[in-house]
Structure formats: C-alpha cells, structure tokens
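1. Here's a sequence, model it:
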Amino acid sequence: MSVFVWIETFGGAAESSSWEALGAAQSLADALGTDTTAIVFGEKSAAIAADAGKFGVASAIICNADEMREYRLETYAALLGNLVDQHKPAAVVAVATSRGRELLASAAADNKSGLIAEVIDLRVEDGSLVGTRPAYAGKVLMEMTSRTVTTFLTVRGRAFPPPPVNAAVKPSVTQVSPATIATELETQIDELVAELGAVNLSDAAIIVSGGRGMANNPAAAPAGLKGEEANIWKAKEGFAKTLQPLADVLGAAIGASRAAVDAGYIPYEHQVGQTGKVVTPDLYVACGISGAIQHQAGMRGSKIIVAINKDAEAPIFKLARYGIVGDLYDVVPALTDALRARLS
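-> Take a look at the predicted model:
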C-alpha cells in the first residue's frame with residue numbers, strides 16, 4: 001500500500017509547498033514500510049513527475065489530457081477518487097491550500113474515507129495513522145485517528161520539511177486517462193490570469209505585520225485630509241516607508257491584522273488571522289498589533305514571535321518570545337538600521 005502525494009501545479013510548474021507534502025508523505029511511508037507515489041495532473045506533468053523523482057519518489061501517476069490541463073474540482077476529484085479506489089493507498093497527502101483542501105475533501109467523501117485536515121505532525125500507532133492538528137484557534141492540539149483503508153491528509157504549510165534531493169532516483173511513470181468526458185463537464189476555463197504582486201504569506205519564512213497602531217504615524221498628512229482619511233494615509237505611509245524597509249532587509253512578506261485591513265490601511269490579501277491566512281513562518285514580527293485571539297489563531301504557530309507595541313499589557317506579549325515596549329515608529333527604523341548593518 002503506497003502513500004499517494006498530490007503535487008499541486010500552476011502553469012506547468014509544481015507549487016513549492018507540494019514538496020513539503022512530499023516530505024510528510026515520505027516520513028509516513030517510512031513508518032509504514034512502503035513507498036510514495038506522486039500524483040500529477042495537468043500541463044507538463046511528466047516533467048514534474050521527474051522532478052519528484054529527485055526527491056526520492058519511487059513512482060508517479062500522471063494525466064496531461066486536455067480536460068486535465070488546468071485545475072477543476074470536478075475533473076481532478078473524479079480521477080483521484082478512481083485512482084484511490086483502484087490502488088487502495090494507505091494515505092493521500094496534500095498541502096492544505098485552498099485547492100488541496102477542497103480536492104482531498106471531495107475525494108475522501110466520494111471514497112467514504114477518513115480525512116484529517118491541517119496536520120502538523122504524523123505518526124503510525126498500532127497500524128493506524130494518527131494526525132496532530134491545532135484546534136480552538138491553536139490553543140490546543142488534537143490527535144485524530146483514521147481507521148479507513150485510505151486516510152486523506154492535508155498538511156499545514158511549513159509544518160514538514162521537503163525531503164533531501166536524490167538526483168539518482170528515476171521514478172516509474174504511469175500515464176492514465178481522465179475519469180470524465182470533456183463534453184460532459186459543467187464548467188469550462190476560458191483563461192487563467194496570475195495576479196501581479198500577489199502576496200504568498202503561507203510560504204513566507206519571515207513575516208513583518210502591522211496593525212491598528214500603524215495609524216499613529218507622526219508624519220503629517222497632506223492638507224485637506226482629516227480624521228479617518230488622515231489616519232488611513234498615515235497608516236499606508238507607515239506600511240510603505242517603515243515596515244517595507246524592514247521586510248526588505250529581512251527578505252520578508254508583509255502581513256497585517258484584520259483591524260488594519262478593515263480600516264483600509266492595506267489590501268485583504270495581507271491579512272493574517274482566523275479569517276485571513278494561517279501562517280507558520282520561522283520569524284513573525286508584529287508591529288502595533290494588540291494580539292486579539294482572532295489574530296493569534298493565524299500566527300500562533302510561528303517559530304519565533306517578536307512583538308513591538310506601546311502598550312505593555314497588550315495580549316501579543318504573552319505569545320511573543322521577544323517583546324519591545326515602545327512606539328513602532330521609533331523602534332522599527334532603528335531595528336531596520338541595525339539589521340541592515342549586521343546583515344550587510
């Protein structure tokens with residue numbers, strides 16, 4: 001019984017987080033005494049399967065038919081479900097992206113199989129798979145066991161390392177046909193457009209985030225702007241001219257609290273929290289963020305948290321490993337200068 005791992009792709013290239021799913025799948029396969037099989041659908045699937053071989057994958061199942069060229073739930077779930085029904089793998093693993101979550105949930109339902117979502121740790125106990133996942137906004141950890149023939153697992157991004165590269169491995173590749181007929185599909189894809197400047201917080205190793213405190217920028221707003229309009233201008237300037245330089249020095253992505261997003265300081269795609277992105281970077285720097293439970297739910301899993309806030313009683317300090325009590329507009333520029341000098 002192999003362990004399947006779905007390699008998510010876009011534009012004929014594997015998403016980097018898929019190799020993390022492969023790392024989780026291989027650790028599970030080792031515990032079960034079996035091997036891994038890469039599942040690759042769509043454009044350039046053969047080349048992507050060969051790339052998976054560099055990470056030690058023994059075999060791959062691919063489908064590059066026209067109706068599988070781009071991701072569609074109805075085509076991908078139908079074929080994945082058929083493959084699971086045919087091969088009876090011990091598990092199917094994918095990263096918990098929006099696509100990974102819906103694909104594995106749909107295929108698990110079709111196959112009447114167990115699903116464990118947002119897994120951060122895996123083990124085999126008495127022949128059963130046990131997945132650990134956060135619950136209650138990350139305050140507790142749950143251990144879930146599935147005893148179905150196949151267990152579907154979505155793993156949280158950055159929870160598992162990619163496997164080491166082994167260029168000597170050449171996987172055996174099996175080409176399969178779609179499980180659906182193109183003329184019977186209910187949805188058609190006319191065009192895919194990649195958003196320019198899109199923020200990928202889920203894959204970021206370092207995140208610098210700003211909150212409501214960004215509006216305390218001492219810079220004078222342009223004449224004619226008063227009240228909330230002035231606050232929005234100040235906060236936007238703060239993100240661009242105070243937080244962005246720090247992010248540039250660290251090679252970080254820019255995040256934000258819901259309060260900052262709702263106030264119009266920064267676009268929604270930067271939001272970290274229960275209703276935004278759940279992130280697990282190596283370093284999370286929270287600037288002017290009080291640390292409401294909804295925000296903590298999105299970044300509690302960060303390996304190191306640094307909090308900068310004027311309020312010494314802000315809840316974020318209870319979560320942070322390092323805390324700086326002070327005005328972010330004094331602290332962040334000084335921190336940026338010090339890091340620039342150190343890292344240069």
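2. Following the record's annotation, map out the domains of the protein.
-> Domain assignment for the chain by automatic domain parsing gives 3-184, 201-343.
3. Endpoint to endpoint, the first one covers what distance?
-> Which is domain 3-184. 31 Å (CA to CA, to the nearest Å).
4. ok, back up a step: TSV for the domains of the chain, including mean pLDDT and distance to D190?
-> From N, CA and C alone the C-beta is placed, and that goes for glycine too. Formatted as TSV, the domains of the chain follow (pLDDT from 0 to 100; distance: least, CB to CB, whole Å):
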stretch	mean pLDDT	distance to D190
domain 3-184	93	10
domain 201-343	96	23
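5. Throw those domains into TSV and include distance to E191 and mean neighbour count, thanks.
-> Shown next, in TSV, are these (distance: least, CB to CB, whole Å; neighbours: other CB atoms under 10 Å):
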stretch	distance to E191	mean neighbour count
domain 3-184	10	19
domain 201-343	21	19
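6. Could you work out which of those domains reaches nearest to V193?
-> domain 3-184 (11.0 Å; CB to CB).
7. Now find how far off-centre the closest one is within its chain.
-> 15 Å (CA atoms, centre = their mean, to the nearest Å).
8. follow-up on the earlier one: nearest to L192 among the domains of the chain would be which one?
-> domain 3-184 (6.2 Å).
9. Need the three-state assignment for F55.
-> coil (DSSP: H, G, I helix; E, B strand; the rest coil).
10. contacting residues around G326?
-> I308, K310 (CB atoms under 8 Å, 6 or more residues apart in numbering).
11. Relative to N309, how far out is it?
-> 8 Å (CB to CB, to the nearest Å).
12. Check D248 too.
-> 22 Å.
13. now swap in D337 and tell me
-> Distance from D337 to N309, by CB to CB: 20 Å.
14. so what does whatever helix or strand T336 lives in touch, helix or strand wise?
-> Here T336 sits within helix 328-343, counting by DSSP states H and E. Judged by 3 or more CB pairs under 8 Å, 6 or more residues apart in numbering; DSSP states H and E, the packing partners of helix 328-343 are helix 244-250, strand 304-309.
15. Reformat these into CSV and put distance to L122 next to each item.
-> Listed next are the helices and strands packed on helix 328-343 as CSV, based on distance: least, CB to CB, whole Å:
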stretch, distance to L122
helix 244-250, 31
strand 304-309, 24
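16. Tell me which of those sits nearest to P134.
-> strand 304-309 (15.4 Å).
17. Can you give the contact residues for that closest one?
-> Here strand 304-309 makes contact (CB under 8 Å, 6+ apart) with 213, 282-291, 299, 314, 316-317, 319-326, 328, 331-332.
18. If you count contacts, what does the helix or strand following it end up packed against?
-> Scanning forward in sequence from strand 304-309 by DSSP H and E, the next helix or strand is helix 316-319. Using 3+ CB pairs under 8 Å, 6+ apart, the elements in contact with helix 316-319 are helix 293-299, strand 304-309.
19. Dump the ones you listed to TSV, plus distance to D66.
-> Below are the helices and strands packed on helix 316-319 laid out as TSV (distance: least, CB to CB, whole Å):
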stretch	distance to D66
helix 293-299	39
strand 304-309	47
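20. closest one to K234 among those?
-> The nearest among those, by CB to CB, is strand 304-309 at 17.0 Å.
21. Alpha carbons only: can I get the closest one in PDB?
-> Output of strand 304-309 as PDB, limited to C-alpha atoms (Å, rounded to 0.1, in the frame of the first residue of the first chain):
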ATOM      1  CA  ILE A 304       9.800  32.900  16.800                       C
ATOM      2  CA  ILE A 305       7.400  35.900  17.500                       C
ATOM      3  CA  VAL A 306       8.700  39.400  18.100                       C
ATOM      4  CA  ALA A 307       6.200  42.000  19.400                       C
ATOM      5  CA  ILE A 308       6.600  45.800  19.200                       C
ATOM      6  CA  ASN A 309       3.800  47.700  20.900                       C
END
